[in-house]
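Enquirer: Fold the following for me, if possible:
(chains A, B, C and D)
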2 protein chains.
Amino acid sequence: MTKHQNNKEQAILAAAKEEFLDKGYDGARTTSIARAAGVTHAMLHYYFKTKEQLFEHIFQETMGMLVEGILEVFTQTDKPFKERIAEALGIHFEVIRQNPRLPLFMIREVASRPERFAIIKNVISTFAGNLLIALQRDIDQAVAKGEISHIDATTLLLDMISLNVFPFIVKPVFEAATGLDLNADSKFWELRKQENTQLIMRRLTPMQS
Amino acid sequence: MTKHQNNKEQAILAAAKEEFLDKGYDGARTTSIARAAGVTHAMLHYYFKTKEQLFEHIFQETMGMLVEGILEVFTQTDKPFKERIAEALGIHFEVIRQNPRLPLFMIREVASRPERFAIIKNVISTFAGNLLIALQRDIDQAVAKGEISHIDATTLLLDMISLNVFPFIVKPVFEAATGLDLNADSKFWELRKQENTQLIMRRLTPMQS
DNA sequence: GATTTTGTTAACAATCTTGTTAGCTTACAT
DNA sequence: ATGTAAGCTAACAAGATTGTTAACAAAATC
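Expert: I've put the predicted structure just below:
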């Protein structure tokens, strides 16, 4: 019954994730995290020396999920380019839907303290660089085959991410302004997913001119 | 020379705006604001009883700018629907470009404390409601004339806002990840504006099916 | 010109927040 | 079983942060 290996540490991490995602680094309180985890706040400092270190854990974990999410999106198949993009869009949308608070969390923290990002900057930038090169190659091939209109890889990627991510980021404002509860409204999100796909597909479809 | 009517109050407001926009409510320090404004921090509490009240001023001012921005967008003309939307998109983009920190500021604050929004919720919701009704009417007319594909007014509005706003919100992450300085890169923003217009225009153009 | 109101300062106070320490208990290894 | 390490707690400490107060100066009002 008394299997208490490191479950307090886990409880702290779980509570910290909630608190940091909700309120951000500045708004989070270590005492509040400890309370939510059901431990004394001395315990928190026992496992994680400082608030900063605890945050680092959460931030890295979060970043990991985002990178995984993006990797998952680019499961290369041999389908036509447009189908692949449509699939990637859908998967990306679902990843965000499962972790709707991650994007705002990350943007908020990077905006208020860009240095934090420096640690993983190299990883990201080479990763993103390779991804963009591969994507541009595929785009160029598809253009050559007449399957799509020309588009810059960076531009396309930003289009996709903007459309998929922004609705989740603006959700609190939307809900506050309309009084609607979007969590209970799966129709809204299905419609959104379809709309994003449609937008990108129309963007890629060659014009009949 | 000694014309000091209420310039300290103004200095405090200006410094507070900087600080709140940059760091958010939780990250902002009243002492730091006072220092930046060149006044003692007792002075800050003299003009604005509490940090909360000072924030309220800034928040309302900011909201005002955003609403003005949206109003400016919907300067009704008698041009064809698609042209009007293209124009609105461009104006909206420029409004954000002039105030690139406003959207993240608002989203961040509403996310961390939705109650704050309650005050102005009514204003916004009726305003947004009317706007959506008018937009839907125009859409339906344009559809009837065969000028555009059918689209929900809410959907179109969210498309437009997502595309225009998200790049500015994600800018810090983008810069941190790539090392680029987007402020110095006016080409990037021009391309973005064009791309957004193109996306929406293609979305609206009836399909040749 | 006297009085009242407004502006200003320095010092103080209360509370919140993070972090530490000393000592106790439990588990674990030998 | 005994000693050592890890887990845990309560109390404390330092510093930051917001807010107040008393006393004084300047300006406005009469």
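
Enquirer: In terms of residue numbering, what are the domains of chain A?
Expert: A:1-49, A:51-204 (automatic domain parsing).

Enquirer: Show residues contacting the helix or strand where residue A:107 lies.
Expert: Per DSSP states H and E: residue A:107 is located in helix A:102-112. By C-beta atoms under 8 Å, 6 or more residues apart in numbering or on different chains, the list of residues contacting helix A:102-112 from outside reads A:20-21, A:24-26, A:59, A:62-63, A:65-66, A:96, A:116-117, A:165, A:168-169, B:22-24, B:27, B:104, B:107-108, B:111, B:169-170, B:172-173, B:176. C-beta coordinates here come from the backbone N, C-alpha and C atoms, glycine included.

Enquirer: Could I have the PyMOL command that selects the buried members from those residues?
Expert: For the buried members of the contacts of helix A:102-112, the matching PyMOL selection, counting by 16 or more other C-beta atoms under 10 Å in any protein chain shown, is:
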select buried, (chain A and resi 20+21+24+25+26+59+62+63+66+96+116+117+165+168+169) or (chain B and resi 23+24+27+104+107+108+111+169+170+172+173+176)
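
Enquirer: Can I get the helix holding residue A:107 in CSV, CA atoms only?
Expert: Once non-C-alpha atoms are left out, helix A:102-112 reads as follows in CSV (Å, rounded to 0.1, in the frame of the first residue of the first chain):
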residue,chain,number,x,y,z
LEU,A,102,0.5,24.8,-25.1
PRO,A,103,0.8,27.4,-27.8
LEU,A,104,-0.2,30.4,-25.7
PHE,A,105,2.0,29.2,-22.9
MET,A,106,5.0,29.0,-25.1
ILE,A,107,4.4,32.3,-26.9
ARG,A,108,3.8,34.1,-23.6
GLU,A,109,6.9,32.8,-22.0
VAL,A,110,9.2,33.5,-25.0
ALA,A,111,7.7,37.0,-25.3
SER,A,112,8.4,37.9,-21.7
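
Enquirer: Do it and DNA strand D come into contact?
Expert: No: contact of helix A:102-112 with DNA strand D (C-beta under 7 Å from any atom of the strand) is absent, the minimum separation being 13.3 Å.

Enquirer: what mean pLDDT does the helix or strand following that helix have?
Expert: Counting by DSSP H and E, the next helix or strand C-terminal to helix A:102-112 is helix A:115-144. Average pLDDT, helix A:115-144: 87.

Enquirer: Counting by contacts, list what helix A:115-144 packs against.
Expert: helix A:51-73, helix A:81-98, helix A:102-112, helix A:153-178, helix B:153-178 (3 or more C-beta pairs under 8 Å, 6 or more residues apart in numbering or on different chains; DSSP states H and E).

Enquirer: now the ones you listed in TSV, with mean pLDDT and distance to residue A:193?
Expert: Below are the helices and strands packed on helix A:115-144 laid out as TSV (pLDDT from 0 to 100; distance: least, C-beta to C-beta, whole Å):
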stretch	mean pLDDT	distance to residue A:193
helix A:51-73	87	14
helix A:81-98	94	5
helix A:102-112	94	16
helix A:153-178	94	8
helix B:153-178	94	12
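
Enquirer: any chance of the ones you listed in JSON lines, with distance to residue B:71 too?
Expert: Below are those laid out as JSON lines (distance: least, C-beta to C-beta, whole Å):
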{"stretch": "helix A:51-73", "distance to residue B:71": "36"}
{"stretch": "helix A:81-98", "distance to residue B:71": "31"}
{"stretch": "helix A:102-112", "distance to residue B:71": "27"}
{"stretch": "helix A:153-178", "distance to residue B:71": "15"}
{"stretch": "helix B:153-178", "distance to residue B:71": "14"}
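
Enquirer: Which one of those helices lies nearest to residue B:191?
Expert: Closest to residue B:191 of the helices and strands packed on helix A:115-144 is helix A:153-178 (C-beta to C-beta; 6.8 Å).

Enquirer: What residues of that closest one count as buried?
Expert: Buried positions in helix A:153-178, judged by neighbour count with 16+ other C-beta under 10 Å: A:153-178.

Enquirer: Within range of DNA strand C, give me the residues from chain A.
Expert: Counting by C-beta under 7 Å from any atom of the strand, the residues of chain A close to DNA strand C are A:2, A:4, A:28-31, A:41-42, A:45, A:49-52.

Enquirer: Give the buried subset of the residues you listed as a ChimeraX selection command.
Expert: Buried subset of the residues of chain A next to DNA strand C, written as a ChimeraX selection, criterion 16+ other C-beta under 10 Å:
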select /A:28,30,41,51
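
Enquirer: So which of the residues of chain A next to DNA strand C belong to helices?
Expert: With helices taken from DSSP state H, the overlap with the residues of chain A next to DNA strand C comprises A:30-31, A:41-42, A:45, A:51-52.

Enquirer: Please consider this matter closed, and thank you.
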